[in-house]
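# Curious how this folds, go ahead:
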Amino acid sequence: MASVKLSAKAVGSTVKLKVGGTYRDFIVVHQGLPGSMYDASCNGTWLLMKDIYDKIKPYYIYNDYVKSPVHASLNNGFLDLFENNIKSNIKQVRIPYVAGHRSTSVSSGVNGLLCYIFMLAAGETGLASPIHDAGTALASDGCKLDYFASGVDSSANQKRIANYNGTPEVWCFRTPVGSVNNCFGGVDKDGDYQNCGSTGTYGIRPALILPGALMVSDDGT
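Residues are numbered from 1 along each chain as shown. So this is what the prediction gives:
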């Protein structure tokens, strides 16, 4: 079976990675650095799980993603579900994030959040303030990835829809809503924007970055 470098895979194509012994589809959502607010560690092939992996209570206390259970679980238990040859190649990166309780200050570049697995930011999916009303004050903690389109028209929303057990479901970002305590951004069942309360249960779509030099078979494995 023929193979190509991961960096040669088109944005929007699918790569298959084993998670917990089962192949999962990951969408190539970007190749290279998305923008100047990213550290050089983020230069690679960006992958986003196509479907929602699980529904959990992310519980971002005071809008603090760093101290959330979802950040901890993605970089501990979930990371260990990958095969060793993939796990050893997942890049440790510094992603832009909002630092501190109910803050709107974004730490980026070399001051970004050190992690292996992460939730996407609203801006990375083409969403930015204001969305539908002035009360939705989203932090600018990410640049749009090439797979997504800007705005909330039908074509842009279609790119953000994700299924859970075959049915569209709400999934969440790492981006806090600065004007509302214990609230963060997310995507509704139609791919539009949705505010997510910190005590609710929402879908999780893990994202990661792999080196572009890795080889991928024709079938995506």
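# How many neighbouring residues does the closest residue to G20 other than its chain neighbours have?
Leaving aside its sequence neighbours, G20 sits nearest to L81 (Cβ to Cβ, 6 or more residues apart in numbering; 4.3 Å). No exception for glycine: its C-beta is placed from N, CA and C like everyone else's. L81 has 18 neighbours, counted by other Cβ atoms under 10 Å.
# so where's the longest strand in this structure?
Ranked by residue count under DSSP state E, the longest strand found in the chain is strand 22-31.
# Now do the buried residues in it.
Across strand 22-31, burial judged by 16 or more other Cβ atoms under 10 Å covers R24, F26, I27, V28, V29, H30, Q31.
# now do stretch 39-47
Buried-residue list, stretch 39-47, by 16+ other Cβ under 10 Å: D39, S41, C42, N43, G44, T45, W46, L47.
# re earlier: could you dump the longest strand of the chain to CSV, C-alpha only?
C-alpha atoms of strand 22-31 as CSV (Å, rounded to 0.1, in the frame of the first residue of the first chain):
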residue,chain,number,x,y,z
THR,A,22,-10.3,1.3,18.1
TYR,A,23,-9.6,3.3,15.0
ARG,A,24,-10.9,6.8,15.1
ASP,A,25,-11.2,9.3,12.3
PHE,A,26,-9.3,12.6,12.7
ILE,A,27,-9.8,15.5,10.3
VAL,A,28,-6.7,17.3,9.0
VAL,A,29,-7.8,20.8,10.1
HIS,A,30,-4.5,22.7,9.4
GLN,A,31,-1.0,22.3,8.1
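# Just list what it packs against, helices and strands only.
The contact analysis (3 or more Cβ pairs under 8 Å, 6 or more residues apart in numbering; DSSP states H and E) places strand 22-31 against strand 14-19, strand 45-49.
# Adjacent strands (with direction) for that strand?
Counting by DSSP bridges, the strands paired with strand 22-31 are strand 14-19 (antiparallel), strand 45-49 (antiparallel).
# Using JSON lines, lay out those together with distance to A128.
Listed next are the strands paired with strand 22-31 as JSON lines, based on distance: least, Cβ to Cβ, whole Å:
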{"stretch": "strand 14-19", "distance to A128": "27"}
{"stretch": "strand 45-49", "distance to A128": "18"}
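# between these, which one is nearest to L74?
Nearest to L74 among the strands paired with strand 22-31 is strand 45-49; the distance by Cβ to Cβ comes to 10.9 Å.
# so when I look at A156, I'm seeing a helix, right?
Yes: counting by DSSP: H, G, I helix; E, B strand; the rest coil, A156 is part of a helix.
# Could you verify my assumption that it touches K144?
No: between A156 and K144 there is no contact under Cβ atoms under 8 Å: 10.2 Å.
# Now for these two: what residues contact both?
G126, S150 (Cβ atoms under 8 Å, 6 or more residues apart in numbering).
# mind checking how far the residue most central in space within the chain is from N165?
For the chain, the residue nearest the mean C-alpha position is L120 (2.4 Å; Cα atoms, centre = their mean). L120 sits 21 Å away from N165, going by Cβ to Cβ, to the nearest Å.
# what helix or strand does N85 sit in?
Take DSSP states H and E as the rule and N85 turns out to sit in helix 84-87.
# Around the nearest residue to G142 once chain neighbours are set aside, how many other residues sit close by?
Spatial nearest neighbour of G142, chain neighbours left out: A121 (3.0 Å); criterion: Cβ to Cβ, 6+ apart. Neighbourhood size, A121 [other Cβ under 10 Å]: 29.
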